[in-house]
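*Asks:* Got a predicted structure plus its sequence, pasted below:
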Amino acid sequence: MLKHLTKTSVEAIEPGDRDVYAWDDKVGGFGVKITPKGARVYLLKYRARGAQRWLVIGRHGEGEMTAEKARQQALRLRGVVADGKDPAAARDADRGSPTMVEFGERYMAEYA
């Protein structure tokens, strides 16, 4: 369903048996997912190198995340995609990077 996403409209969407999606009528690919338990998550769906990609922007209400702030973030991310970059690929690459704990354990095992 297409609608203008606002704080009120996002909170008015009732959860279902499965995830419910509502898409913004102003920014293509920007939407909100409502889980069966009622969690609301803003996301951006886009295409990069021929593949459909999904990127979570943030949870509704968490850290002052509103529909308007999420829309601004979605617009920024769409600009990144328009420049030929894939923000989801960057996120995936970061997941493969070692954490500080892993660095510490490796240091202790190899050098200490």
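*Replies:* Happy to help now that I have it. Numbers count the residues shown, from 1 in each chain.
*Asks:* Show me where the protein has its helices.
*Replies:* Using DSSP state H, the helices found in the chain span residues 7-12, 67-82, 87-95, 100-110.
*Asks:* In terms of mean pLDDT, which of these ranks lowest?
*Replies:* The stretch with the lowest average pLDDT out of these is helix 87-95, scoring a mean of 71.
*Asks:* ok, and which of the helices of the chain has the densest surroundings?
*Replies:* Neighbour counts averaged per stretch over the helices of the chain are highest for helix 67-82, at a mean of 16; criterion: mean count of other CB atoms under 10 Å. Placement of C-beta: from N, CA and C, glycine included.
*Asks:* before we move on, the earlier item: is it possible to get a markdown table of the helices of the chain that adds distance to I57?
*Replies:* Written out in a markdown table, the entries for the helices of the chain read as follows (distance: least, CB to CB, whole Å):
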| stretch | distance to I57 |
| --- | --- |
| helix 7-12 | 12 |
| helix 67-82 | 5 |
| helix 87-95 | 10 |
| helix 100-110 | 26 |
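*Asks:* With respect to G31, which of these lies nearest?
*Replies:* Between G31 and the helices of the chain, the tightest spacing by CB to CB is seen for helix 67-82, at 8.8 Å.
*Asks:* This completes my enquiry, with thanks.
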